[in-house]
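Participant: Got a predicted structure here, sequence first:
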Amino acid sequence: MNRLLAAILLPAVTAFASDLPNKKYLDLANIKIMVSAAEAKAKELNVSVTICVVDESGNLLFLEKGETASLNTIQFAQKKARHAAFYGSPSREGADTIKKGHVEALEFPEFFPNQGGLPIKVNGQLLGGISASGAKSEIDEAIAQSGLDALLKQ
């Protein structure tokens, strides 16, 4: 009886599994591409920053503190990247929201009003966030943008 049931259900399960969508994700090779480009940009700009990459749920995939970057940049970089991943928008937009007087946004989960985090989107699919922290905010964002640009050139 069990063999008969398995013979009947197996094709149905296989057909269903093949219908599942394929999901893109950030693998180690792609993370290394982004980080290498971000490091090169930081070196070019002569700044020491913490670089962070998270997945679309805000889970930490990569974190590197620059040699002379201050300790608070470790948390700031993570918060910027998580904001970008959670909201699918640059963390700069969080800062703009607060500047417009919408302080209630500070209560939103993973909301962080500081420039330097960017969403990682490939073909319209949100894969995560990348950020830098330790320099002026616009420089942090330029470093993160270099990492993102390197990934998108692949």
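Facilitator: Here it is on my side, so go on.

Participant: quick one, longest strand in this structure?
Facilitator: strand 125-133 (DSSP state E).

Participant: how about residue 75, secondary structure?
Facilitator: Under the three-state scheme (DSSP: H, G, I helix; E, B strand; the rest coil), residue 75 adopts helix.

Participant: on that earlier part again, what is the mean pLDDT for the longest strand of the chain?
Facilitator: What strand 125-133 shows for mean pLDDT is 97.

Participant: buried ones in that strand?
Facilitator: 126, 127, 128, 129, 130, 131, 132, 133 (16 or more other Cβ atoms under 10 Å). No exception for glycine: its C-beta is placed from N, CA and C like everyone else's.

Participant: With distance to residue 67 as added columns, please give those in a markdown table.
Facilitator: Listed next are the buried residues of strand 125-133 as a markdown table, based on distance: Cβ to Cβ, whole Å:
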| residue | distance to residue 67 |
| --- | --- |
| 126 | 32 |
| 127 | 29 |
| 128 | 25 |
| 129 | 24 |
| 130 | 20 |
| 131 | 18 |
| 132 | 14 |
| 133 | 14 |
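
Participant: Can you name the element that comes right after the longest strand of the chain?
Facilitator: Using DSSP states H and E, the next helix or strand after strand 125-133 towards the C-terminus is helix 137-152.

Participant: helices and strands around that next one, which ones?
Facilitator: helix 28-44, strand 50-55, helix 91-99, strand 117-122, strand 125-133 (3 or more Cβ pairs under 8 Å, 6 or more residues apart in numbering; DSSP states H and E).

Participant: Need those in a markdown table (columns: distance to residue 144).
Facilitator: Listed next are these as a markdown table, based on distance: least, Cβ to Cβ, whole Å:
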| stretch | distance to residue 144 |
| --- | --- |
| helix 28-44 | 6 |
| strand 50-55 | 8 |
| helix 91-99 | 9 |
| strand 117-122 | 5 |
| strand 125-133 | 5 |
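
Participant: among those, which is nearest residue 78?
Facilitator: The closest of these to residue 78 is strand 50-55. By Cβ to Cβ, the value is 5.3 Å.

Participant: Name the strands paired with that closest one and say parallel or antiparallel.
Facilitator: strand 60-64 (antiparallel), strand 125-133 (antiparallel) (DSSP bridges).

Participant: quick one: average confidence on the shortest one?
Facilitator: Along strand 60-64, the predicted confidence averages to a pLDDT of 98.
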